[in-house]
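> fold the following and give me the result.
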Amino acid sequence: GDTLIHLEPKAMGVLCLLAANQGQTVSREQLFQTVWDGRVVVDESLTRAMSQLRHAFDDNPREPRIFQTVPKTGYRLIAPVELFGDVATGVAAPPLQTAERKKTVLATAAAMVLAALLVLLLIDSDFERAPPKNSLAVLPFVNMSGDASEEYLSDGMTEEILNSLARVDGIKLAGRTSSFQYKNKQLDLREVGEQLGVENILEGSVRRAGDRIRITVQLVSARDGYHLWSHVYDREFRDAFAVQQEIAEAIAGKLELSADESLLASERTDNLDAYTWYLKGNKLARETNFRNAADAYHQAIDLDPNFSPPYSRYVWACLATWGIPVTQECRERAEPYIARAQQLNPASADVDVGYGLIYDILHKDYVESRKALERAISRDPDNVFALMNLAYALTVTWGEDEQAIKHHARVFRLEPLSFGTRITYARALAHLGR
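Numbers count the residues shown, from 1 in each chain. Have a look, this model is predicted:
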């Protein structure tokens, strides 16, 4: 909104350090050593900084939503935050050369965290608290294979089930980026439902043994934790697509929605090696390892030239690299690949997004790029990648800020826990002076 919130440098430093260790207790000694450079100061200095942070974010210490006091120890940031670089990993940075540089780094990182938290707290107040009817979050399935290298399979099955459910008319899905924030975390499902703004949660596990696969799923009400439905699918791995379709149809039935079987079955391959490389590419892309992801998609295409999804995903991975130069190999393959994807699946929103990237990045044809992204959104109104790219273009290229804000707001509703979403939305609002 229009409220200016002033934070003193030490409060900003405390915010940065807590965010770098989100979910973990930071001792008072660590805070004094890092933020106050180890100087001897009275405890009231830290108490004052925490009081200022709580006031800025309207956080009640008795019922904390953001900053939790750990008695006789320190403090913990409990709000969901996602960070970049050294701050994100929690790895100690190399010794800074000057105190001034240290202040700059702390202030910059804290400003990013501040922007994200402000968007989470202030913008969210404009949204409806009650979750939409027939809304669902699919949490990352647990890898039960006992082999960490099989993680791509459990993650991939989660994403493919999400894709199948996205084709069910009337269902409202939480975004995959926000859903994957809960990977390897044990949380109360009612709390998860509240954070993601959904009525129901689907969770499960995947175990592969040779050519057999076992997928266990259960549907739970996020309102009261009530168990709605569960099933165990014990099949051959080659039947993975059929299982995904059956799960989508079962969920649709429980929510009293109709599933178009022709849409659910539209993108399949009988080549298990091609499917495996495709899932590996998806995992690499989620980890922002785009060049290796593109290589994996290329492997999938070589193994099954009639398998549609890897073509458009290859284009995404090799073009949407945010500053990394586009390789010559990508320039040569992008257009033939997206044309083949369109031939295989003319109604795919992902194909339209691929064309949007090609027109924008390779040809600087912003008119055609906009048309392609708008076409993608008309086919799939919840396509986050299309919404974000179009919102950016509307601001930077077209100067249509109000329209861009609408797309940013939609992305924020779909991906409420994505740090990138919050920062992008915050910048757009700041651009309008809000």
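> by mean pLDDT, flag the weakest helix or strand of this structure.
Taking mean pLDDT, DSSP states H and E as the measure, the chain has helix 85-89 as its least confident helix or strand, at a mean of 38.
> so for the residue nearest the centre of the chain, what's the pLDDT?
Taking CA atoms, centre = their mean, the centroid of the chain lies closest to Thr177, which sits 1.8 Å from it. Per-residue confidence at Thr177 stands at 82 (pLDDT).
> any idea how far stretch 223-234 is from the chain center?
24 Å (CA atoms, centre = their mean, to the nearest Å).
> which helix or strand contains Leu219?
Using DSSP states H and E, Leu219 maps to strand 212-221.
> parallel or antiparallel, list what pairs with that strand.
strand 200-209 (antiparallel), strand 227-236 (antiparallel) (DSSP bridges).
> give me the contact list for the first one.
If I follow you right, that is strand 200-209. Residues from elsewhere that reach strand 200-209 (CB atoms under 8 Å, 6 or more residues apart in numbering): 135-139, 141-145, 150, 153-154, 157-158, 161, 189, 192-193, 213-222, 228, 237, 251, 255. (C-beta placed from N, C-alpha, C; glycine too.)
> against Ser178, how distant is Ile405?
20 Å (CB to CB, to the nearest Å).
> so where is the stretch 101-250 of the chain shaky, pLDDT-wise?
101-129 (pLDDT under 70).
> just give me the neighbour total for Asp188.
Asp188 has 10 neighbours, counted by other CB atoms under 10 Å.
> quick check: it vs Val220, distance?
With distances taken as CB to CB, Asp188 is found 11 Å from Val220.
> out of the strands paired with strand 212-221, deepest packed?
Among these, the stretch with the highest mean neighbour count (mean count of other CB atoms under 10 Å) is strand 200-209, at a mean of 21.
> returning to that earlier point: which of the contacts of strand 200-209 are buried? Put it as a ChimeraX command.
Per 16 or more other CB atoms under 10 Å, the buried members of the contacts of strand 200-209 correspond to this ChimeraX selection:
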select :135,136,137,138,139,141,142,143,144,145,150,153,154,157,158,161,189,192,193,213,214,215,216,217,219,220,222,237,251,255
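> who's in contact with stretch 213-227?
For stretch 213-227, the surrounding residues in contact (CB under 8 Å, 6+ apart) are 131, 137, 141, 144, 157, 188-190, 192-194, 198-208, 228-237, 239-240, 243, 247, 251, 254.
> ranges for the strands of this protein?
Remark: strands assigned in the chain by DSSP state E are 25-27, 67-70, 74-77, 135-138, 142-143, 172-173, 200-209, 212-221, 227-236.
> among those strands, which comes closest to Arg331?
Of all those, the one in closest proximity to Arg331, counting by CB to CB, is strand 172-173 (33.9 Å).
> and stretch 51-60, end to end?
In stretch 51-60, first residue to last residue: 10 Å (CA to CA, to the nearest Å).
> any buried residues in it, and which?
By neighbour count on 16+ other CB under 10 Å, the buried set for stretch 51-60 is 52-54, 56-57, 59.
> next: stretch 161-169.
For stretch 161-169, the neighbour count (16+ other CB under 10 Å) marks 161-168 as buried.
> inside helices: which ones of those residues?
The members of the buried residues of stretch 161-169 that map onto helices under DSSP state H are 161-166.
> could I get the full set of helices for the stretch 251-400 of the chain?
261-264, 272-286, 290-303, 309-319, 328-344, 349-357, 366-379, 384-396 (DSSP state H, counting those that start in this stretch).
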